[in-house]
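1. Sequence first, predicted model second:
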Amino acid sequence: MIIPEIVAPAGTPAALVAAIDAGADTVYCGFRDATNARNYPGLNFTPDDLVEGLAYAHARGRKVNIAINTYASAGNTALWHKAIDTAADLGADAVIMADIGLIDYAARRHPKLRRHLSVQGGASTISSIQFYYEAFGIARMILPRMFTVAEIAELKSRAPIEIECFIFGSMSPMTEGRCAMSAYATGRSPNLSGVCSPAECVRYDVEDDELLCRLGDFVMNSFGPDEQAGYPTVCKGRYIVGDAEPSYAFEEPECLNAAEYIGAMRAAGICAFKIEGRQRGRFYVSEVVSAFRELIDAEARGEPAARHAGALQRLRRLAEGGEETRGAFKKGWQ
Ligand code: SF4
């Protein structure tokens, strides 16, 4: 059985170096523009940054995948095509895409450039995997976070391509990458511009001892003096539904932590474990990657995870809001 790669997030050149030094096999990152689903100020890479990042990774036998994973706007595909051309010219190890037209462009223009299907593509059946493989030579798909390990194993047993699964980090509740809620509240689509909850639409106001977090014209959440306020996203807002007390109607602010499924997913043939968090700093990236490096290597040697309590504890500490979930790995629905 192969040992799955650790695919780590790099929102900055410093995070890329931290991920590689902590033991990541691969990092994923994006350009500083709307082609990247984490298009936030202060994050991401210029082509020059990527030249250095690729050199750093390749000198150590590691890989860099570039996420070009938003959807091109109608009549404006030039930016997305240029991003693919630049990734190919720089020698990226793979490009991660969702837009079917862009995947077609990459396959025709750069047939030797490895193509991965982003989670944003939302492929979740064997027939859709087969289609992307046969039509565009997709080498790997990143699976939406909606399956149990048994379901993942069933998909992998019939899939002609590699499968990468999320193992740790923040969750989005919508069919992966198809969120219209943030666009409704802010007027900017995460899927087209790469920005969910842009900073210029966020406002914090204190009213009657409560801290109100607003996104556009909408109150997403309110926090009492003893509560820690979070950044407002629509999916993790607390809402009043009917006569009930305010609650997390869509998604609790929790962090996926599937460390206990490392062995089962390796047995299922998963080739890569993906860590979410390109918006996170290098300390976070380094801590999460080194914990998973320890746990994955220990599992491959046949050691029980309980012997690595320190690594498990570190992951628990780094969970968003201090709360972790097994997500769909342990779901009670179909
Ligand atoms: S509102 Fe939530 S589900 Fe939608 S794009 Fe933002 S984080 Fe993702």
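-> In hand now; what should we look at?
2. Work out for me the element Ser182 sits within.
-> helix 181-186 (DSSP states H and E).
3. And for Ala150?
-> helix 149-158.
4. wait, Ala10 sits on Gly53?
-> Yes. The criterion here is CB atoms under 8 Å, and Ala10 meets it with Gly53 at 7.2 Å. In this view, the C-beta of every residue, glycine as well, is placed from N, C-alpha and C.
5. Overlap in contacts, those two.
-> 16, 27, 29, 64 (CB atoms under 8 Å, 6 or more residues apart in numbering).
6. Let's verify the closest residue to the ligand within the stretch 1-150 of the chain: helix, strand, or coil?
-> Closest residue of the stretch 1-150 of the chain to the ligand, CB to the nearest ligand atom: Ala37 (8.5 Å). Secondary structure state of Ala37, per DSSP: H, G, I helix; E, B strand; the rest coil, is coil.
7. now do Tyr204
-> Quick answer, by three-state DSSP: Tyr204 is strand.
8. Quick check: bridge partners of it?
-> Cys213 (DSSP bridges).
9. Tell me the pLDDT of the closest residue to Ser182 other than its chain neighbours.
-> In this structure, Ser182 finds its nearest non-sequential neighbour in Cys196, 4.5 Å apart by CB to CB, 6 or more residues apart in numbering. Note on Cys196: pLDDT of 91.
10. Surely Cys196 and Ala180 touch.
-> No. If you go by CB under 8 Å, Cys196 and Ala180 don't touch, sitting 11.1 Å apart.
11. Looking at the two, which is more packed in?
-> More crowded of Cys196 and Ala180, by other CB atoms under 10 Å: Cys196, with 25 against 12.
12. Can you show me the helices along this protein?
-> 13-22, 47-59, 78-90, 100-109, 126-136, 149-158, 181-186, 190-193, 262-267, 282-300, 309-318 (DSSP state H).
13. among those helices, which is nearest Met220?
-> Smallest distance to Met220 across those (CB to CB): 8.1 Å, for helix 181-186.
14. Quick check: pLDDT value at the spatially most central residue of the chain.
-> By CA atoms, centre = their mean, the chain has its centre lying nearest to Glu276, at 4.0 Å. Looking at Glu276, its pLDDT reads 95.
15. correct me, but it touches Phe168?
-> Yes. Glu276 is in contact with Phe168 according to CB under 8 Å; the separation is 6.8 Å.
16. shared neighbours, these two?
-> Leu256.
17. Go ahead and confirm Ser172 touches Cys179.
-> Yes. Counting by CB under 8 Å, Ser172 touches Cys179, with 6.5 Å between them.
18. Can you check which residues contact both of these two?
-> In contact with both Ser172 and Cys179: Cys235, using CB under 8 Å, 6+ apart.
19. circling back: buried residues, the helix holding Ser182. List them.
-> Neighbour-count burial for helix 181-186, counted by 16 or more other CB atoms under 10 Å, picks out 181-183, 185-186.
20. Let me know the closest of these to the ligand.
-> Ser182 (4.0 Å).
21. the domain parsing of the protein - what is it?
-> Domain assignment for the chain by the TED database gives 5-171+254-325, 180-248.
22. Any idea how many residues pack against Asn36?
-> Neighbours around Asn36, by other CB under 10 Å: 26.
23. how much space between the residue nearest to it when sequence neighbours are not counted and Gly277?
-> Excluding its sequence neighbours, the residue lying closest to Asn36 (CB to CB, 6+ apart) is Gly30, at 3.0 Å. Gly30 sits 13 Å away from Gly277, going by CB to CB, to the nearest Å.
24. and the stretch 101-250 of the chain, which residues reach the ligand?
-> 172-174, 179, 181-182, 190, 196, 233-235 (CB under 6 Å from any ligand atom).
25. again, only this time at 8 Å
-> With CB under 8 Å from any ligand atom as the criterion, the stretch 101-250 of the chain meets the ligand at residues 170, 172-174, 177, 179-182, 190-191, 196-197, 233-236, 250.
26. What subset of the residues you listed is buried?
-> Counted by 16+ other CB under 10 Å, these give 170, 172-174, 177, 179, 181-182, 190-191, 196-197, 233-236, 250 as buried.
27. okay, now Ala135: neighbour count?
-> Ala135: 12 neighbours (other CB under 10 Å).
28. What of the one 5 residues further on?
-> Using other CB under 10 Å, Arg140 has 21 other residues around it.
29. How about the contacts made by it?
-> For Arg140, the contact set (CB under 8 Å, 6+ apart) comprises 94, 114, 116-117, 161-164, 271-272.
30. ok now do the nearest residue to Glu52 once chain neighbours are set aside, which residues does it touch?
-> Computed as CB to CB, 6+ apart, the closest residue to Glu52 that is not its neighbour in sequence is Pro13, at 6.6 Å. By CB under 8 Å, 6+ apart, the residues touching Pro13 are 45, 49, 52-53.
31. Farthest-apart pair in these, please.
-> Longest span within those, CB to CB: Phe45 and Glu52, 9.1 Å.
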